[in-house]
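Below are the sequence and a predicted model for it; my questions follow.
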Amino acid sequence: MADANRVYGILQRISATDDFDGADPGTTPVIEENIKKYPVAAVGGLFDPAHVNPVLIRNLSAKLGGQTSWTLSMTDGTDTILIVSGTNETELNLKNIAILPVNWKLELVTSGASAAMTALMVFERAHVLL
């Protein structure tokens, strides 16, 4: 899906009182209208665009569970690089966040959730000139 479509998304949902912990959701998603949608789970936050070319992280929209602290990082499984973080926020709407190299994934980690959360990450294939 990732490299077949220029723009695509990944939607994850976390159950009430749980946090995004940067883990793989561990469930099977449904793909609808270029969005990979995961069912509600107690873990999640690892967004893997499964890309063979660099991708632009076009947008992160999230409804957080109350006043929540959060971090967004990219990882290749060995190294982790912080992209952006915040505290005491209930919603996120970040645009044009970073270029994600091949084989890297995004980790959303939250703490202090008191309600269910939803996060949609939108990717766009990057046009890289060498």
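Arrived safely.

so after the strand ranked longest in the chain, what's the next helix or strand?
Across the chain, the longest stretch assigned as strand under DSSP state E is strand 55-75. Toward the C-terminal end, the helix or strand that comes next after strand 55-75 (DSSP states H and E) is strand 80-95.

re earlier: now the angle from the longest strand of the chain to strand 80-95?
Relative orientation of strand 55-75 and strand 80-95, computed by axes from the mean of the first three to the mean of the last three C-alpha atoms, to 10 degrees: 140 degrees.

so where's the protein uncertain?
With pLDDT under 70 as the threshold, the chain has low-confidence stretches at 1-5, 126-130.

thought Tyr38 was touching Ala23?
No. The pair Tyr38 and Ala23 fails to qualify as a contact (C-beta atoms under 8 Å) at a distance of 11.7 Å. Yep, even glycine has a C-beta here, placed from its N, CA and C like the rest.

Identify the contacts common to the two.
Common contacts of Tyr38 and Ala23 (C-beta atoms under 8 Å, 6 or more residues apart in numbering): Gly44.

Look at those two and report which has more neighbours.
For Tyr38 and Ala23, the more surrounded residue by other C-beta atoms under 10 Å is Tyr38, and the numbers stand at 20 against 14.

And the more buried one, how far from Pro101?
23 Å (C-beta to C-beta, to the nearest Å).

Quick one: residues contacting the residue lying closest to Asn103 once chain neighbours are set aside.
The shortest distance from Asn103 to any non-neighbouring residue, by C-beta to C-beta, 6 or more residues apart in numbering, is to Asp76 (5.8 Å). By C-beta under 8 Å, 6+ apart, the contact list for Asp76 reads Pro101, Asn103, Trp104, Lys105.

thinking again about what came up before, which helices and strands does the longest strand of the chain pack with?
Helices and strands touching strand 55-75, by 3 or more C-beta pairs under 8 Å, 6 or more residues apart in numbering; DSSP states H and E, are strand 80-95, strand 99-100, strand 105-111, strand 117-125.

Between these, which one is closest to Thr27.
strand 117-125 (14.7 Å; C-beta to C-beta).

quick one: strands adjacent to the closest one?
strand 7-14 (antiparallel), strand 55-75 (antiparallel) (DSSP bridges).
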